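The sequence and its predicted three-dimensional model are supplied below.
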Amino acid sequence: MLTRRQLLQGTGAALVAGAGLPAAIRSAGAQNPAGATRAPLPAPAGQGYTPVITLNGGSLPWTMDNGVKVYHLIAEPAQREFAPGMLVNCWGYNGSTPGPTIEAVDGDRVRILVTNHLPEHTSVHWHGLLLPNGMDGVGGLTQPTIQPGETFVYEFTLRQSGTFMYHPHGDEMVQVALGMMGLFIIHPKNPAERPVDRDFCFMLHAWDIEPGSYRAKPATMTDFNIWTINSRVFPGIDPLVVRMGDRVRIRMANLSMHEHPIHIHGHHYVMTGTDAGWVPASARFPETTVNVPVGTIRVMEFVADAPGDWPLHCHKTHHTMNAMGHTVPNMVGVQQSDLEGKIRSLIPGYMSMGESGMGEMSQMNMPLPENTLPMMTGEGPFGAIEMGGMFTVVKVRENLAHGDYADPGWYQHPPGTVAWKLEGKS
Amino acid sequence: MLTRRQLLQGTGAALVAGAGLPAAIRSAGAQNPAGATRAPLPAPAGQGYTPVITLNGGSLPWTMDNGVKVYHLIAEPAQREFAPGMLVNCWGYNGSTPGPTIEAVDGDRVRILVTNHLPEHTSVHWHGLLLPNGMDGVGGLTQPTIQPGETFVYEFTLRQSGTFMYHPHGDEMVQVALGMMGLFIIHPKNPAERPVDRDFCFMLHAWDIEPGSYRAKPATMTDFNIWTINSRVFPGIDPLVVRMGDRVRIRMANLSMHEHPIHIHGHHYVMTGTDAGWVPASARFPETTVNVPVGTIRVMEFVADAPGDWPLHCHKTHHTMNAMGHTVPNMVGVQQSDLEGKIRSLIPGYMSMGESGMGEMSQMNMPLPENTLPMMTGEGPFGAIEMGGMFTVVKVRENLAHGDYADPGWYQHPPGTVAWKLEGKS
Amino acid sequence: MLTRRQLLQGTGAALVAGAGLPAAIRSAGAQNPAGATRAPLPAPAGQGYTPVITLNGGSLPWTMDNGVKVYHLIAEPAQREFAPGMLVNCWGYNGSTPGPTIEAVDGDRVRILVTNHLPEHTSVHWHGLLLPNGMDGVGGLTQPTIQPGETFVYEFTLRQSGTFMYHPHGDEMVQVALGMMGLFIIHPKNPAERPVDRDFCFMLHAWDIEPGSYRAKPATMTDFNIWTINSRVFPGIDPLVVRMGDRVRIRMANLSMHEHPIHIHGHHYVMTGTDAGWVPASARFPETTVNVPVGTIRVMEFVADAPGDWPLHCHKTHHTMNAMGHTVPNMVGVQQSDLEGKIRSLIPGYMSMGESGMGEMSQMNMPLPENTLPMMTGEGPFGAIEMGGMFTVVKVRENLAHGDYADPGWYQHPPGTVAWKLEGKS
């Protein structure tokens, strides 16, 4: 068994090994920390599926080797901008959290190289996939863990379609808490099956990042303070832009520690899939809020038949707020204005607040700790939106000029619409 | 943008404006803080639906204006008696939390005036409704927030039936935490569709109210201590009284921060609806405990075929307790009786307890802080029920003499049954 | 009403009364604290059902009295070994937590004697059963509570099949928190209905046991630190051993305070039952992670068609860890090795750790408090598994020699496989 000393030496070796990787591999799928949504990867000739849009992320390019699709995931530390003004030191894959989305087709033979550039061992479990036991990625049980500097090769044939995930199964609590997760989309063999016009996917997560700090606490179990969609918070999350009449699919995966009930405005949706594949039509029913339990995926579909800006968000009110909202003393109904002067003589700069609720806070330019977002923020066409965290908008537009799926207009703010603005940051 | 000073001045103006409202409007739908269940509002001629019974509340009367149903909601502070002996300073609508239930019919044109008598801005989101984007009630995104003293007019045509909600979408965390929520029931056009004999509805909520205090802390995220059905706790919650053989519908909505698994005794029920409408028969399955996730509605139906008193309650054991149950030191198995005298010489009045569990506490007349309910209480026909919080009873009776749906016997304790009595309060 | 003094005297009497019970009754169903899975109880002649396997437990024997099946439950304190090295002082039934599984057949007349050997009153509620109101077991409402020393007789005819539970409905929060719970399985009248080859059942639970202590804190509401399957933690939980091609049923019940999303590797399963009976085929859909809400049962079925060792575990990462994982300071990325010597001069024996994650901890022989398990443990064929809590493995084997369902090989580690070993304990 390794001693701690040997482990640390191993780490050193790993970093050298990592440095020796070809630049092409290192950058394959590398993501911008600023988290722009990347254009979908077009389907290969002969497989003509509609590719997914990974909100504030993108899909992992692959190469072909004798009919095998070869992907390369690099487990490594990754910086992520959660929204302008907040940069977090995470762990992820290929420079990003979540890692890039893996897209493939039922029947494909896939080979996935996993290189470990973390300071500790890891493994990758392919959540929901039907595969040989030795490929299941459970450290200690089905394989030795991947030591720092090592590359492990997973290879298997896909025999299902649907929405799945990948994440570590070694020091899992810590590694997932720090951001190690990604989606694995398998399209049906026949691209005419289960067609949609727009196909979005993202991962829900929760973090405990003390205001003023740059790293999540991996041991927090219940008291999180930042809730993310693909490791971004509102107003840092791109909208889901669709055309009137589009059939839309949204694939939502949750690796946090709490259920997230995701609510859509102005439309009803039905669950058509889980992390085990597709839901038969007879078992479907309409919802406006779908509960996404931990370790599950909920695939929702609807027809976008009402033009406008429709929020899509977690319905736990604290999960659409950023940090600092949960330990504020209760001042509702407490008259403070006459005391403000007296308190200020003791505590310079003291401001009374909260006497009439917290809505006023989104208008105040309160000084915030370094690297910290306002509790509520976002400026819409009619004023302050007073949100944060797991909140974005489905933009249904009648007159989008472009028909090209790869046009950034499909996944970024369309012309003529107001983008979210951060308040309380100069 | 408003300064805090302007906002406070606005508040003053609002209160004056509110004082000027006609008394008729102010009292429309006003609820008794003591929370008696009001008789159902009969369906208008030609619409002949079975009205809902809002447990410990009632429905909002409307007026007709050229074929439009006109409702008036007043957002305002509201006192609520959670059970005899506990009065809470909340925020609500028309003097009550939850606000009055809005009842209408698919196809109706509705106009809803929302007057803001709160000290801060608000807005109303119509959860689950299909409507024009400008009527969606999202402050900043689809409308400016409603300032104190202002009235905002929502108007749209209903084109769906089912169970929906209304709640603020501006400073949402605070305003919902303080009690701002209500149900919106839309009956099918054809009253013969989806018929039931008794149709109950209520909202689940959670509060953090320090023993001895009168106001909930709006920033609490996980550690709540009071769990309510329509802002009442057992034994302050009315029973659901039904006749043997009745087909019963219970519509449960949840705007708290946690899932509430609602368990029924002696019967099985099936989910026939969500906050997006109705569940097709093929997707239904029997349950005795239905999990109601946050921001969702679960509509359950069953035939009352077993006479008796059948509990209906949240199955999280802490949610059928009132405050003070969660930080008690663990004395189970610790022999204290021989130490009681010694400790009492240091702490006058000290009582050893908990040595053999906590059941004894419901029999003890422990001194409680002001405005605080016992942790476990309620006296049934066979002694202490040892409950609190989200607990009530479905009373199935064979020989109810009255057939009139508006008879209080249908929603209050029937003759000959024992009403809950509070223990530990003199 | 009883005074506390009378109650204590009653307790004394109860213990005497308990001592007087025939040894045969006392030991009926008595379970080994070490928690070995017992051989299934064969079905009686003429009822030929496939009996259930209660993981790390067993079923309660009964006697026949004029066509009535007579069971005897004894509510009493019970010691339980959660895994080698950790013995907990619990409350349970017949010497065990969970209590023994009750197995019967639809149409059976059952009589269940409940003797109270606890120091306080109790009652038994038959969760999910359709029965006369007086048999529902709700203390104060449908019966007086059972005082220490008393025996209460429940008797009713079963008129349903499926998976149900029993637990107290008096001082419920405390008694359930200490381990009082059990399963109640009712097989269909026709044994050919809903056939499976292997039928497993267990209860999920959560406890707050301070490291170094021997008893759970019954008042904890959210911050638990031990998560169990049938009151055992990994590596103390037996595997689910099945043969290739077997149709497998797993019945999971949850009486803790949180949802547990139970994930299976290498297979998909469908929910075929709840605590109200069976789910119609039209309402079923495939899952790899089934959320088990509080106070519910989820019955899952699948065909074991992939050989190997497939984890079955809660997907909340903290729930597959034992205590001590949640308040560790965040040292990820903090270089400590150069400080170790200096700190050690102040704190003898200080070890720096966590700099590169927590994976290293499973290899360290850290000194642990008395009666405390390592946070992560378990040794598999390829090294440390780094798990704890709600984690076990479905072992699918092609060449199991025995066909006898009662052979321990079916529910214990099969020959030739590596059993879990505890690490960090000498």
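Nice, I can see it.

C-alpha from now on. contacts and neighbour counts both.
Will do.

For the closest residue to chain B within the stretch 1-150 of chain A, grab phi and psi.
Scanning the stretch 1-150 of chain A for proximity to chain B using Cα to the nearest Cα identifies A:Ala83 as nearest, at 19.1 Å. A:Ala83 adopts backbone torsions of phi -160, psi 160, taken as degrees, to the nearest 10.

That one reaches A:Asp238, doesn't it?
No. At 10.6 Å, A:Ala83 does not count as touching A:Asp238 under the criterion of Cα atoms under 8 Å.

so what's whatever residue of the stretch 201-350 of chain A ends up closest to chain C up against?
At 4.3 Å from chain C, A:Ala283 is the closest residue in the stretch 201-350 of chain A, using Cα to the nearest Cα. Residues in contact with A:Ala283 (Cα atoms under 8 Å, 6 or more residues apart in numbering or on different chains) are B:Ser282, B:Ala283, B:Arg284, C:Ser282, C:Ala283, C:Arg284, C:Phe285.

A:Ser231 now?
Counted by Cα under 8 Å, 6+ apart, A:Ser231 has contacts A:Arg80, A:Phe82, A:Thr97, A:Pro98, A:Gly179, A:Met203, A:Leu204, A:His205.

Make a PyMOL selection of the buried ones in these.
Buried residues within the contacts of A:Ser231, by 16 or more other Cα atoms under 10 Å in any protein chain shown, are selected in PyMOL with:
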select buried, chain A and resi 80+82+97+98+179+203+204+205
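
mind listing which of the contacts of A:Ser231 are in strands?
A:Arg80, A:Phe82, A:Met203, A:Leu204, A:His205 (DSSP state E).

who's in contact with the fourth one?
Put plainly, it is A:Leu204. A:Trp227, A:Thr228, A:Ile229, A:Asn230, A:Ser231, A:Met252, A:Ala253, A:Asn254, A:Leu255, A:Ser256, A:His260, A:Met390.

Around chain B, which positions in the stretch 151-300 of chain A sit nearby?
A:222-223, A:261, A:263, A:265-268, A:282-291 (Cα under 8 Å from any Cα of the partner chain).

Just give the nearest non-adjacent residue to A:Leu130, would you?
C:Gly266 (5.0 Å; Cα to Cα, 6 or more residues apart in numbering or on different chains).

For that neighbour, the count of nearby residues, please.
The number of residues packed around C:Gly266, counting by other Cα atoms under 10 Å in any protein chain shown, is 25.

give me every residue that touches it.
A:Gly128, A:Leu129, A:Leu130, A:Leu131, A:Pro132, A:Asn133, A:Asp136, C:Ala306, C:Trp310.

Can you tell me which of those residues are buried?
Buried residues within these, counting neighbours by 16+ other Cα under 10 Å: A:Gly128, A:Leu129, A:Leu130, A:Leu131, A:Asn133, A:Asp136, C:Ala306, C:Trp310.

re earlier: among the contacts of A:Leu204, name the buried ones.
Buried among those by 16+ other Cα under 10 Å: A:Trp227, A:Thr228, A:Ile229, A:Asn230, A:Ser231, A:Met252, A:Ala253, A:Asn254, A:Leu255, A:Ser256, A:His260, A:Met390.

show me the contacts for the closest residue to A:Gln47 other than its chain neighbours.
Excluding the flanking residues, the one nearest A:Gln47 by Cα to Cα, 6+ apart is A:Pro191, at 6.9 Å. Neighbouring residues of A:Pro191 by Cα under 8 Å, 6+ apart: A:Gln47, A:Gly48, A:Tyr49, A:Thr50.

SS state for A:Pro191?
When classified by DSSP: H, G, I helix; E, B strand; the rest coil, A:Pro191 comes out as coil.

close enough to count as contact, A:Leu113 and A:Glu150?
No. Using Cα under 8 Å, A:Leu113 makes no contact with A:Glu150, being 10.1 Å away.

So these two - more neighbours on which side?
A:Glu150 (20 against 16).

if we can go back for a sec, in the contacts of C:Gly266, find the pair that's most separated.
A:Gly128 and C:Ala306 (13.6 Å; Cα to Cα).

avg pLDDT for stretch A:249-263?
Taken as a whole, stretch A:249-263 has a mean pLDDT of 98.

Kindly apply the preceding question to stretch A:290-307 instead.
97.

What is the end-to-end distance of that stretch?
Start and end residues of stretch A:290-307 are separated by 22 Å (Cα to Cα, to the nearest Å).

Next, see if that stretch gets close to chain C.
Yes. Stretch A:290-307 is in contact with chain C by Cα under 8 Å from any Cα, via A:Pro293, A:Val294, A:Gly295, A:Thr296.

Looking at those residues, which are in strands?
Reading strands off the residues of stretch A:290-307 next to chain C with DSSP E, I get A:Thr296.

Throw the residues of stretch A:290-307 next to chain C into JSON lines and include neighbour count and distance to B:Asp338, thanks.
Listed next are those as JSON lines, based on neighbours: other Cα atoms under 10 Å in any protein chain shown; distance: Cα to Cα, whole Å:
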{"residue": "A:Pro293", "neighbour count": "28", "distance to B:Asp338": "49"}
{"residue": "A:Val294", "neighbour count": "28", "distance to B:Asp338": "48"}
{"residue": "A:Gly295", "neighbour count": "27", "distance to B:Asp338": "51"}
{"residue": "A:Thr296", "neighbour count": "29", "distance to B:Asp338": "53"}
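
can you redo the residues of stretch A:290-307 next to chain C as TSV with distance to A:Val394?
Formatted as TSV, those follow (distance: Cα to Cα, whole Å):
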residue	distance to A:Val394
A:Pro293	22
A:Val294	24
A:Gly295	25
A:Thr296	22
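
ok, so of the residues of stretch A:290-307 next to chain C, who is nearest chain B?
A:Pro293 (9.9 Å).

check contacts around the closest one.
A:Asn254, A:His258, A:Glu259, A:His260, C:Pro261, C:Asn291.

ok, 10 Å please
A:253-261, B:293, C:259-261, C:289-293, C:315-316 (Cα atoms under 10 Å, 6 or more residues apart in numbering or on different chains).

and it, backbone torsions?
According to degrees, to the nearest 10, A:Pro293 has phi -70, psi 160.

Ok, A:Thr320 next?
phi -110, psi 30.

How much space separates it from B:Met173?
A:Thr320 sits 9 Å away from B:Met173, going by Cα to Cα.

Overlap in contacts, those two.
A:Glu386, A:Met387.

Do you know the pLDDT at A:Val241?
Reported pLDDT for A:Val241: 89.

whoops, A:Gly95 was the one
95.

A:Ile74 versus that one, what's the distance?
For A:Gly95, the distance to A:Ile74 - Cα to Cα - is 8 Å.

follow-up on the earlier one: if we take the ones in strands among the contacts of A:Ser231, which one ends up nearest to A:Asp108?
Using Cα to Cα, the ones in strands among the contacts of A:Ser231 come closest to A:Asp108 at A:Met203, 24.2 Å.
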